[in-house]
Structures are given as C-alpha cells and as structure tokens.
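Asker: Have a look at this prediction, sequence included:
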Amino acid sequence: MTPTQFETLDGVKLPYPLFFPDATRAVVKALDNTDIESTQTPGILVNTLHLHMSPGADVIKKQGGVRKFMDWHGAIISDSGGFQVMSIAKNVGGKVNDQGVTFQLPNQPKSKLTPELSIKIQLALKTDLMVVLDDFTPPGASLEEARATVERTILWAKQCREAFDTYAPKTGKKPYLIGVVQGGDHLELRAECTKRLVEIGFDGLGYGGWPMNDRGDFNYDVPRVIREHSPENYILYGLGVGKPQEVVRLVKEGWSVFDCVLPTRDARHKRLYVYNAKTIDGIDLDEEKFYSYYTPDKEKYYRDDSPVSTACDCILCTRYSKSYLAHLFRIGDMTAGRLATIHNLRFYSIMMEKLRGLFE
RNA sequence: CCAGAGGUGGCGGAGUGGCCAAUCGCAAUAGACUGUAAAUCUAUCGGGGCAACCCUACGGGGGUUCGAAUCCCUCCCUCUGGA
C-alpha cells in the first residue's frame, strides 16, 4: 500500500501527494507566510546547508526549530545539502571526500558538512521530514564515476541512519528519514543503490537533482526503476521535481512528495503557469497540454483588463488585471514577483488537489 | 535680432575623416531556468540575400575628399542667456 497521509511532528495529517515549494533560507522568496497560506500550500522545504551558514543551526535550535523561527504553521521538510555538493562544492569551490564536504563561495566563509552534522542540524531544525546527505552523480557521468558517487552515498546514508538513531528524540513522533538514490542514467546502478538503501532502512527514498537527459527531456526510467525496487509503504520523493506535467506523471507512477524551485523562480522570471481550462472545475490533468506559459510583461497586455486566468482563485487572478501586473513588472516593483509567485504556487496546489484522487 | 549650445537608430545617449549599420543603457522580441550561487542569464534588435554581399541611413540641401555621422556653405528646428 502506498502511504496516503503525511504526518507532521505536531500530529497534523496531510493527504498525498504533496508539493513543497522551496523556502531554502526559511523564506519563500518574495512571500511571507500569509501569502503562502493564501495559496493553500501545505508545506515548504528549507535547506540544511543554507540555514547552517546563516543564521546557524544554534540560532534556530534555541528558538525551537525553523517552524517557530519563521512561524510557519504547515508542514516543513529539509534537504540535506546534498544537492549543493554538486552545485557548489564540485563546481565553484570546495572539496568532497568520504568524510564530508567543504563549501566555499566567493566572499563567503568556508562551510563544512558531514553526514552526521547534516542530520544533527536537521534535527535541530525540527523538520517533519529530513534527507540524508548524498554525493551527487553529475549528469552524463560514466559508469565508473557514477559508481563512486553511489558508494559514497551509501556510506553516508549508513552514517546518517546511525546519527539519526542516536540523536533523534526517543519518544514522540519522529521525523521521516529519506534516503537518496544516486547512479545517474545507469539503471542497474540505480537499482542496486535502491536495494542497498532499503537494506539500511528508511521511511522513503528520494532522487532528483538533474533528472533530465542530454536533450533536456525528463528521464522516467530512473523513477520507474527506483519504484520497482522499493517497498510498498515507502514515501517516494522527487527531489527538485519538477515541471507540472512531470509531477503529474510521477504521481500517477506512485510518487508522493515533491519540491521544486520552478514555480517560484519562474514567477520571478516572468513565467506564469496558466491552465488552458476556463474554470478550476474544467481542468483536466489527463490532457496532454493542460497548461500554458504566460509572460506577463508583453506589450500586448499593457491595456488588457482581463485576469491572468479564470481557472485560478489566487489573489492575482481574482483581484488584479493583466494590465496591472504588466505595469508592476515593467516598473520593476517587487510586488510583481510576489503576485506572480502566489499565482504559480496556487497553480501547483490546485494541481495537487486534483491529483489527490489517485491516492484515495 | 544678437551670443552660446545642439539636432544620431522606438527612446536616452556615445562617436568628431576611413577599423561605423554606428559603443552602451532602456524598450521590444525570442529562449532558458527542475533537492535556489538566480527579482537571473542568453540571443536578436534598419531592410534584403538571412554567409563572404547589396541597399537605405546619423535634421534638409549642396560642397570638399579616394573616402564624411565626423570638415565647409546654406536652410530648417530645439534649448539657454541677452536686447
């Protein structure tokens, strides 16, 4: 049986599937909590490494966890910093070895992360779901390179499991602990990695990072293989997944948790998602093209007093016109990014509501 | 009327004899963005062949020169100060 509900540390139960927008540094860019709540977003994701660097786990621990720190009432999950192993340590500055990772960004203090420290920080953050530190397999990695990252990922996964069992509270609800499958495009390696992680034992498995092939197409073989080798009751989590159609398809294939920067980043970058249907009831996620991109600052919208979408009940669509939004983007006001982000998050939450039927 | 300053591509604004179809910024158009180094980045941006080419272009007209947005003459217009 695929799990049907996600339980927070406070005992709040949320129905799957769940999409958590990224609040990497304990803030969804351009929004405050009342904005996020208005989009009916059930939870958010924060990042271990970023919060470790600022304000520091001690600051947040002292205040009782991120939830209290930022006064967020929904679910809150954390990423380990594993993705930054690739995006920062391997690309910009830093070192990776079996002991852990050091990160060095220009004009920033050096920062270090080990599997144990990542878990300790996440426990201090008091998130509802946490992820093991993993060694990212870069896109296009050879079998040999991929195997090396898999071995290190397994090693770290064991250490994370041990750290979790040692330091997690002995009583009460514990956070979910998620292992991460690496292995790149090598399916047999993905399968092996999955099996070995299951052997160690987790509440679920995640994978992601850069799930596209060379042509930029989403590779659905990888999640399929992971699913085939995972126990029925595992939470399957698409880390950093994905575009709307990708989320829809993975939900249909049994994946239940997602986080992604796309809706929020795209919003700030003037890409809004708009359902092709005229009303919310009319939305059909089974249609091949169920949505379109809307670029808000085009000249042709300067005088358009209609709403961005009639198949949306967000603040932007119920209150403001295309013309007003175009104006806000044109003059570069922050409110443009805010309204666009609210809209895109509502787009995703509507999508997840529609997908809920598949889990009942 | 006199004295200064100036008129450059949709706009702002460089360029003062050839390397200028003309730096750059804005606007416009197209694209990218997937466990956030990102309110970012990339490309195009006079017309046509869409390359090595040709045409129309730097207020109008005329001239000097092998060659002018750049020099000279003249006209028109704008701004500032003075009668």
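Answerer: Right, received. Where do you want to start? Numbers count the residues shown, from 1 in each chain, chains lettered A, B, ... in the order given.

Asker: What about A:Gly43? Give its phi and psi, please.
Answerer: Main-chain dihedrals, A:Gly43, degrees, to the nearest 10: phi -170, psi 170.

Asker: right, I mislabeled it, should have said A:Arg303
Answerer: phi -120, psi 10.

Asker: residues contacting the residue nearest in space to the middle of chain A?
Answerer: When CA atoms, centre = their mean is applied to chain A, the residue found nearest the centroid is A:Asp259 (1.9 Å). By CB atoms under 8 Å, 6 or more residues apart in numbering, A:Asp259 lies in contact with A:Phe19, A:Phe20, A:Pro21, A:Asp22, A:Leu45, A:Ile77, A:Asp79, A:Leu239, A:Gly240, A:Val241. No exception for glycine: its C-beta is placed from N, CA and C like everyone else's.

Asker: and the residues you listed near RNA strand B, which?
Answerer: Restricting those to those within reach of RNA strand B (CB under 7 Å from any atom of the strand) leaves A:Pro21, A:Asp22, A:Leu45, A:Asp79, A:Leu239, A:Gly240, A:Val241.

Asker: so how far is A:Arg196 from the closest residue to RNA strand B within the stretch 101-250 of chain A?
Answerer: Evaluated by CB to the nearest atom of the strand, the stretch 101-250 of chain A has A:Gly240 as its residue closest to RNA strand B, separated by 2.0 Å. According to CB to CB, to the nearest Å, A:Gly240 stands 22 Å off from A:Arg196.

Asker: I figured A:Gly209 hits A:Val241, correct?
Answerer: No - contact criterion CB atoms under 8 Å: A:Gly209 and A:Val241 do not qualify, at 9.4 Å.

Asker: pLDDT score assigned to A:Met1?
Answerer: pLDDT for A:Met1: 49.

Asker: Any residue of the one helix or strand A:Arg346 maps to touching RNA strand B?
Answerer: Assessed by DSSP states H and E, A:Arg346 sits inside helix A:334-355. Yes - residues of helix A:334-355 contacting RNA strand B under CB under 7 Å from any atom of the strand: A:Met334, A:Gly337.

Asker: Packing partners of that helix?
Answerer: Here helix A:334-355 is seen to pack against strand A:18-21, helix A:33-38, helix A:244-252, helix A:262-268, strand A:272-275, helix A:315-319, helix A:322-330 when contacts are counted using 3 or more CB pairs under 8 Å, 6 or more residues apart in numbering; DSSP states H and E.

Asker: What parts of the stretch 201-350 of chain A come near RNA strand B?
Answerer: So the stretch 201-350 of chain A meets RNA strand B at A:206, A:208-212, A:216, A:218, A:239-243, A:246, A:259-262, A:264-266, A:268-271, A:295, A:297-300, A:330, A:332, A:334, A:337 (CB under 7 Å from any atom of the strand).

Asker: residue ranges of the strands in the stretch 151-300 of chain A, please?
Answerer: A:176-180, A:204-208, A:235-239, A:257-260, A:272-275, A:291-294 (DSSP state E, counting those that start in this stretch).

Asker: Up against RNA strand B, what does the stretch 51-200 of chain A have?
Answerer: So the stretch 51-200 of chain A meets RNA strand B at A:79-80, A:82-84, A:86-88, A:91-92, A:105-106, A:131-132, A:134, A:136, A:180, A:182 (CB under 7 Å from any atom of the strand).

Asker: Which residue is the nearest non-sequential neighbour of the residue of chain A positioned farthest from its centre?
Answerer: Most distant from the centre of chain A: A:Arg303, at 36.4 Å, with distances by CA atoms, centre = their mean. Computed as CB to CB, 6 or more residues apart in numbering, the closest residue to A:Arg303 that is not its neighbour in sequence is A:Ser323, at 5.8 Å.

Asker: ok, the one you found to RNA strand B distance?
Answerer: For A:Ser323, the distance to RNA strand B equals 12 Å [CB to the nearest atom of the strand, to the nearest Å].

Asker: Kindly present the helices and strands packed on helix A:334-355 as JSON lines, with separate columns for mean neighbour count and mean pLDDT.
Answerer: Shown next, in JSON lines, are the helices and strands packed on helix A:334-355 (neighbours: other CB atoms under 10 Å; pLDDT from 0 to 100):
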{"stretch": "strand A:18-21", "mean neighbour count": "26", "mean pLDDT": "98"}
{"stretch": "helix A:33-38", "mean neighbour count": "16", "mean pLDDT": "98"}
{"stretch": "helix A:244-252", "mean neighbour count": "20", "mean pLDDT": "96"}
{"stretch": "helix A:262-268", "mean neighbour count": "21", "mean pLDDT": "98"}
{"stretch": "strand A:272-275", "mean neighbour count": "24", "mean pLDDT": "98"}
{"stretch": "helix A:315-319", "mean neighbour count": "17", "mean pLDDT": "98"}
{"stretch": "helix A:322-330", "mean neighbour count": "19", "mean pLDDT": "96"}
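
Asker: Take those and write them to a markdown table, including distance to A:Asn97.
Answerer: Putting the helices and strands packed on helix A:334-355 into a markdown table (distance: least, CB to CB, whole Å) gives the following:
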| stretch | distance to A:Asn97 |
| --- | --- |
| strand A:18-21 | 31 |
| helix A:33-38 | 38 |
| helix A:244-252 | 33 |
| helix A:262-268 | 31 |
| strand A:272-275 | 41 |
| helix A:315-319 | 47 |
| helix A:322-330 | 45 |
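
Asker: Quick one: work out the angle between the longest helix along chain A and strand A:176-180.
Answerer: In chain A, with assignment by DSSP state H, the single longest helix is helix A:143-167. Interaxial angle of helix A:143-167 relative to strand A:176-180 (axes from the mean of the first three to the mean of the last three CA atoms, to 10 degrees): 160 degrees.
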